[in-house]
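S.K.: sequence? don't have it. structure:
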Ligand code: 5GP
Ligand code: MN
């Protein structure tokens, strides 16, 4: 049986569905989560909710519609637990394992519901799911979901049969994950974009919401980080650390540094770029690399993380990897010298 057929069969047999995505959700996670939620509710008539482990950042809140069934586990753990307990189907998207659904993981694992994974990351945890729809060489989970939904019997390739809000969400997540068609674009990605435009998706509106809607703080902080904080090492590794003092100085909100990690790669001499954000118990680490340098294996080896070959992330824990925040710099220097020799 084809994967889409299997997906449809499992969905048809379910009545209450939990859709969930990775912690600190990005555009692809929220876009694919909302698209699936809308498909389940508006086309399949299911009771469904999207559970995000941590809140949707303000900069991406435009993807969600008013009154939609979206719960954040960090804000409303009780409601999320109850919804999961009542669900007979869990669909996990844009992450390769329940371990990325931080905080929610034990409730998902304990659930007797059928479990489906729809994802484009390396190393999917096939053991924990009844059905895995995984494709690594694709731009985004939104693109994978797009091609999957098109195969469903109630769509039959006709995008008009899907709600416009579903198409908008898919276009949004594909756009953010490709960094507006700068990376991971294949012919199928452009075909998807072309078909979505033909189906009436307003790309200009989406681009304005994603890229032209920030507070002034973002650009002031960007200037400061690039001017005062960017360090470039002789081995082609660049790093920037957004510490707590700087966050306070610029009134930083989660999501406002989106994309900063890409910028140093504009330099010919930079092959790997790292961006660290200080939190209470750890640094969140973002890594991007040029072809031939693996962000994924570097993140796995030194930063308790992973992701894709050229875009990965992880965490650097205080009291485990480093004893205090001040040690981050020397950790980066030694690990990157060890991994990316000059
Ligand atoms: P970002 O730097 O935008 O947060 O993440 C880049 C990519 O790495 C995304 O595909 C994301 O899912 C993945 N990623 C980020 N943090 C982690 C992590 O802690 N563990 C794993 N396995 N992947 C991560
Ligand atoms: Mn993604």
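M.R.: Noted; the coordinates are in hand. For clarity, every value in this text was computed on a predicted model and none was experimentally measured. Ligands and ions are numbered 1, 2, ... in the order given.

S.K.: can I assume residue 20 is in contact with residue 90?
M.R.: Yes. At 6.7 Å, residue 20 and residue 90 qualify as touching, with contact defined as C-beta atoms under 8 Å. Glycine gets a C-beta too; all of them are placed from N, C-alpha and C.

S.K.: the more surrounded of the two?
M.R.: Neighbours were tallied for residue 20 and for residue 90 using other C-beta atoms under 10 Å; the higher tally belongs to residue 20 (31 against 27).

S.K.: could you list every residue that touches that one?
M.R.: By C-beta atoms under 8 Å, 6 or more residues apart in numbering, the contact set of residue 20 is 33, 50, 51, 52, 53, 90, 91, 92, 93, 101, 104, 108.

S.K.: change it to 10 Å
M.R.: For residue 20, the residues meeting the contact criterion (C-beta atoms under 10 Å, 6 or more residues apart in numbering) are 29, 33, 36, 49-53, 71, 73, 80, 84, 87, 90-95, 98, 100-101, 104-105, 107-108.

S.K.: and if you look at residue 273?
M.R.: Residue 273 sits in contact with 230, 232, 236-240, 260-267, 286-290, 295, where contact means C-beta under 10 Å, 6+ apart.

S.K.: How about the secondary structure of it?
M.R.: On the three-state scheme (DSSP: H, G, I helix; E, B strand; the rest coil), residue 273 is labelled strand.

S.K.: Any figure for the gap between it and residue 336?
M.R.: Note on residue 273: its distance to residue 336, by C-beta to C-beta, to the nearest Å, is 11 Å.

S.K.: Now, the contacts of residue 20 that are in strands?
M.R.: 49, 50, 51, 52, 71, 90, 91, 92, 93 (DSSP state E).

S.K.: What average pLDDT does stretch 202-215 get?
M.R.: When pLDDT is averaged along stretch 202-215, the result is 97.

S.K.: From the ones in strands among the contacts of residue 20, pick the one nearest ligand 1.
M.R.: Taking C-beta to the nearest ligand atom as the measure, ligand 1 lies nearest residue 93 of the ones in strands among the contacts of residue 20, at 11.1 Å.

S.K.: The closest one bridge partners, please.
M.R.: Residue 93 forms beta bridges with residue 21, residue 118, as assigned by DSSP bridges.

S.K.: Close to ligand 2: what parts of the stretch 101-250 of the chain are there?
M.R.: If contact is defined as C-beta under 5 Å from the ion, the residues of the stretch 101-250 of the chain in contact with ligand 2 are 140, 141, 177.

S.K.: same thing but 8 Å
M.R.: For the stretch 101-250 of the chain, the residues found near ligand 2 under the criterion C-beta under 8 Å from the ion are 119, 120, 121, 140, 141, 142, 173, 177.

S.K.: I'd like those residues as a markdown table, with secondary structure appended.
M.R.: Compiled in a markdown table, these are given as follows (three-state DSSP):
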| residue | secondary structure |
| --- | --- |
| 119 | strand |
| 120 | coil |
| 121 | coil |
| 140 | coil |
| 141 | helix |
| 142 | helix |
| 173 | helix |
| 177 | helix |
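
S.K.: got the buried residues for stretch 306-315?
M.R.: Along stretch 306-315, these residues count as buried under the neighbour rule (16 or more other C-beta atoms under 10 Å): 306, 307, 308, 309, 310, 311, 312, 313, 314, 315.

S.K.: The fourth one touches residue 272, doesn't it?
M.R.: What it means is residue 309. No. Residue 309 is not in contact with residue 272 according to C-beta atoms under 10 Å; the separation is 11.9 Å.

S.K.: low pLDDT regions in the protein?
M.R.: Low-confidence regions of the chain, defined here as pLDDT under 70, cover residues 1.

S.K.: In three-state terms, label residue 157 for me.
M.R.: Local secondary structure at residue 157 is given as coil here, using three-state DSSP.

S.K.: Might you report the residue contacts of the nearest residue to it once chain neighbours are set aside?
M.R.: Taking C-beta to C-beta, 6 or more residues apart in numbering, and ignoring the residues beside it in sequence, residue 157 has residue 150 as its nearest neighbour in space, at 5.3 Å. Counting by C-beta under 10 Å, 6+ apart, residue 150 touches 4, 156, 157, 158, 159, 161, 162, 192, 195.

S.K.: got it, and residue 271?
M.R.: For residue 271, the contacting residues are 235-238, 264-265, 288-293, 340, taking C-beta under 10 Å, 6+ apart as the criterion.

S.K.: Apply 8 Å and report the result again.
M.R.: Taking C-beta under 8 Å, 6+ apart, one finds 236, 237, 265, 289, 290, 292, 293, 340 in contact with residue 271.
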